[in-house]
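Colleague: Sequence and predicted structure are below.
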Amino acid sequence: MSIQFSPKETYRENFSFRNSPDAIQRFPFPFNEDSYLYSVNIEPANSKDPGSIYEHWFDIDEHYLSEMAERALVLDKDPGRYLVMPHMQPAAWDALQMLMENLSRDYPQWFELDQDGQHWHWRNKALGIDQRFIFGDASTLPCEPLEFITRQVQGDFALLDQRDNDLFMDAGMVTSPADWSLAFDAGMSFKQWHTPVPMANQMGVFDRALKYLLAMQTGQPVRRLNWTLTINPRLDSSPETFHEWGSDRGTVTPDNVGQRVHLRVELQFMARLPRSNGLMFSIRTYLISMDELVTQPGWGCRLHRVLRDLPDPIADYKGMTRYRQTLVEWLSHFDPDA
């Protein structure tokens, strides 16, 4: 796929983010049925559907320059969005290698990597980066290895340490979370950071997911979709910035719902890191306004039915209670049976 980067868009203040028709068509609409319940819904991360978000392990799209500018802005304000505990340094180099090798192979027009033993040469033509360094020697990079590479890749990244038959969030770069915080979750176990999710624990979803992830093998990554709603195309909806976006939920009206309410879908990718035996957990976020979403046949109808029948605890957890009825009524115009 030939990528045409959009001019830099904003995910705050004037919210100039928009999707092109191509981006709308490749948006990962997450509903295969007219209802929704939590499930493991993990599948092998095999390449499929050329041009789709599933073609490569790490998806680069038209919003690349905008998202990288947004990441830099968040880090300037809050460097704590990046964290690597000392024992996670091998995993950080693992992640750098995985990202550089995949990006240079899958998007050679934008990324190049030359390797001569431990002497590496990385070029990111999109951002104008040309860096020679010694793999394993952080002093040869302008910043720590995980920060260096994740400032150049769309999506958030958590590196999980596997010990005591559990997974622990001990490193990451998280600048566009859906109402969670790396600083708060750092050091927590898999079940601890999922505790706020309603109903899923009673259904045994996380027990099954953890068992599956602990058994993952190198070279056999998996993926799943997750979703929520957000007001305005805001990537950084973290607890640290709640004072900036929390009140937005009370501003939705029948007149602005199509423009302001966005479906937020995460493509979650999980891969075993070969040297450290940790797990990479990447969260690639896609945003689409309701006005954009209903241009696709059947999407407005199906989303209407999903949100209309969504159990109240899930709706409340996803933060849509204040405007849910307004949105459901608006979407009903796209459901022939409503």
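Modeller: Done, it's in. Numbers count the residues shown, from 1 in each chain.

Colleague: Strands of the stretch 101-250 of the chain, residue ranges please.
Modeller: With DSSP state E, counting those that start in this stretch as the criterion, the stretch 101-250 of the chain has strands at 111-116, 119-124, 129-134, 156-163, 166-173, 222-231.

Colleague: Output these as CSV; include the columns distance to residue 46, mean pLDDT and mean neighbour count.
Modeller: Where C-beta positions appear, they are placed from N, C-alpha and C, glycine not excepted. Putting the strands of the stretch 101-250 of the chain into CSV (distance: least, C-beta to C-beta, whole Å; pLDDT from 0 to 100; neighbours: other C-beta atoms under 10 Å) gives the following:
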stretch, distance to residue 46, mean pLDDT, mean neighbour count
strand 111-116, 22, 98, 15
strand 119-124, 26, 98, 18
strand 129-134, 30, 98, 14
strand 156-163, 21, 96, 22
strand 166-173, 23, 96, 24
strand 222-231, 9, 96, 19
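
Colleague: got CSV for the ones you listed, with distance to residue 29 too?
Modeller: Below are these laid out as CSV (distance: least, C-beta to C-beta, whole Å):
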stretch, distance to residue 29
strand 111-116, 28
strand 119-124, 31
strand 129-134, 34
strand 156-163, 21
strand 166-173, 27
strand 222-231, 9
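
Colleague: closest one to residue 237 among these?
Modeller: Closest to residue 237 of those, according to C-beta to C-beta: strand 222-231, at 5.8 Å.

Colleague: Now find how far off-centre the closest one is within its chain.
Modeller: Relative to its parent chain, strand 222-231 has a centroid offset of 8 Å by C-alpha atoms, centre = their mean, to the nearest Å.

Colleague: Can you tell me the strand partners of it and which way each runs?
Modeller: Using DSSP bridges, the strands paired with strand 222-231 are strand 43-44 (antiparallel), strand 261-272 (antiparallel).

Colleague: for those, which one ends up most surrounded?
Modeller: Greatest average neighbour count among the strands paired with strand 222-231 goes to strand 261-272 (a mean of 22), per mean count of other C-beta atoms under 10 Å.

Colleague: quick one: low-confidence parts of the stretch 51-200 of the chain?
Modeller: For the stretch 51-200 of the chain, the stretches flagged by pLDDT under 70 are 195-200.

Colleague: one more time with 90, if that's ok
Modeller: Residue ranges of the stretch 51-200 of the chain with pLDDT under 90: 184-200.

Colleague: which of the strands paired with strand 222-231 has the lowest average pLDDT?
Modeller: Least confident of the strands paired with strand 222-231, judged by mean pLDDT, is strand 43-44 with a mean of 93.

Colleague: which residues are contacting that one?
Modeller: 220-224 (C-beta atoms under 8 Å, 6 or more residues apart in numbering).

Colleague: Now those residues in CSV, please, with extra columns for distance to residue 23.
Modeller: Shown next, in CSV, are those (distance: C-beta to C-beta, whole Å):
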residue, distance to residue 23
220, 29
221, 24
222, 25
223, 19
224, 21
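
Colleague: Let me know the closest of these to residue 141.
Modeller: residue 221 (25.2 Å).

Colleague: what sits against the nearest residue to the closest one once chain neighbours are set aside?
Modeller: Counting by C-beta to C-beta, 6 or more residues apart in numbering, residue 271 is the residue found nearest to residue 221 once chain neighbours are left out, at 3.7 Å. If you count contacts by C-beta under 8 Å, 6+ apart, residue 271 has them with 45, 57, 98, 216, 221-222, 279-280.

Colleague: try 7 Å this time
Modeller: For residue 271, the contacting residues are 98, 221, 279-280, by C-beta atoms under 7 Å, 6 or more residues apart in numbering.

Colleague: about what we covered before: same list (the strands paired with strand 222-231) but as JSON lines, adding distance to residue 320.
Modeller: Converted to JSON lines, the strands paired with strand 222-231 look like this (distance: least, C-beta to C-beta, whole Å):
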{"stretch": "strand 43-44", "distance to residue 320": "27"}
{"stretch": "strand 261-272", "distance to residue 320": "9"}
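
Colleague: Among those strands, which comes closest to residue 14?
Modeller: Across those, residue 14 has its closest neighbour in strand 261-272 (15.4 Å, C-beta to C-beta).

Colleague: gap between that closest one and the chain center?
Modeller: For strand 261-272, the distance to the chain centre is 4 Å (C-alpha atoms, centre = their mean).

Colleague: Past it, which element shows up next along the chain?
Modeller: strand 279-289 (DSSP states H and E).

Colleague: Name the strands paired with that following strand and say parallel or antiparallel.
Modeller: If you go by DSSP bridges, strand 279-289 pairs up with strand 156-163 (antiparallel), strand 261-272 (antiparallel).

Colleague: closest to residue 205 out of the ones you listed?
Modeller: strand 261-272 (13.7 Å).

Colleague: Run the angle between the closest one and strand 166-173 for me.
Modeller: 120 degrees (axes from the mean of the first three to the mean of the last three C-alpha atoms, to 10 degrees).

Colleague: For strand 261-272, output the C-alpha coordinates as PDB.
Modeller: The C-alpha trace of strand 261-272 is given here as PDB (Å, rounded to 0.1, in the frame of the first residue of the first chain):
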ATOM      1  CA  VAL A 261     -19.000  11.500  19.100                       C
ATOM      2  CA  HIS A 262     -16.300   9.200  17.800                       C
ATOM      3  CA  LEU A 263     -16.000   5.400  17.800                       C
ATOM      4  CA  ARG A 264     -12.600   4.600  19.200                       C
ATOM      5  CA  VAL A 265     -11.200   1.200  18.200                       C
ATOM      6  CA  GLU A 266      -8.000  -0.300  19.500                       C
ATOM      7  CA  LEU A 267      -6.100  -2.900  17.500                       C
ATOM      8  CA  GLN A 268      -4.200  -4.700  20.300                       C
ATOM      9  CA  PHE A 269      -1.200  -6.700  19.200                       C
ATOM     10  CA  MET A 270       0.700  -9.100  21.500                       C
ATOM     11  CA  ALA A 271       4.100 -10.700  20.600                       C
ATOM     12  CA  ARG A 272       6.700 -12.600  22.600                       C
END
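
Colleague: Appreciated, that's everything.
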